[in-house]
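Student: Generate coordinates for the sequence data below:
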Amino acid sequence: MLQANQIRAARALLNWSQSELVEKTGLSLTTVRRMEDEKIGPERSSAGNVATVTRILEEAGIVFMAAGEAAEGGPGVRMGK
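Tutor: This is a model prediction of the structure:
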């Protein structure tokens, strides 16, 4: 499951602001802010919104990693090849 910190980290790798993510996804700024909020997160967003954010970030070159997938530790992100 996508986590709030993964969305923020992905944006940082791409050097995107929240406004840029809003523009690229077509979601509202409020929705993006809530998805990036640790107390709310993508878990409380619609599956469609989570899928949209995931797709846009992956199309931009982001690879999402589950906990322990690439190394010990929690979930993360990296740039694709």
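Student: Phi first, then psi, for the nearest residue to L27 once chain neighbours are set aside.
Tutor: Spatial nearest neighbour of L27, chain neighbours left out: N49 (5.9 Å); criterion: Cβ to Cβ, 6 or more residues apart in numbering. Placement of C-beta: from N, CA and C, glycine included. Main-chain dihedrals, N49, degrees, to the nearest 10: phi -70, psi -40.
Student: on contacts alone, who are the packing partners of the least confident helix or strand in the chain by mean pLDDT?
Tutor: Ranking every helix and strand in the chain by mean pLDDT, DSSP states H and E puts strand 76-79 at the bottom, with a mean of 80. Helices and strands touching strand 76-79, by 3 or more Cβ pairs under 8 Å, 6 or more residues apart in numbering; DSSP states H and E, are helix 4-14, strand 62-65.
Student: which outside residues touch it?
Tutor: Q6, A9, A10, L13, G61, I62, V63, F64, M65, A70 (Cβ atoms under 8 Å, 6 or more residues apart in numbering).
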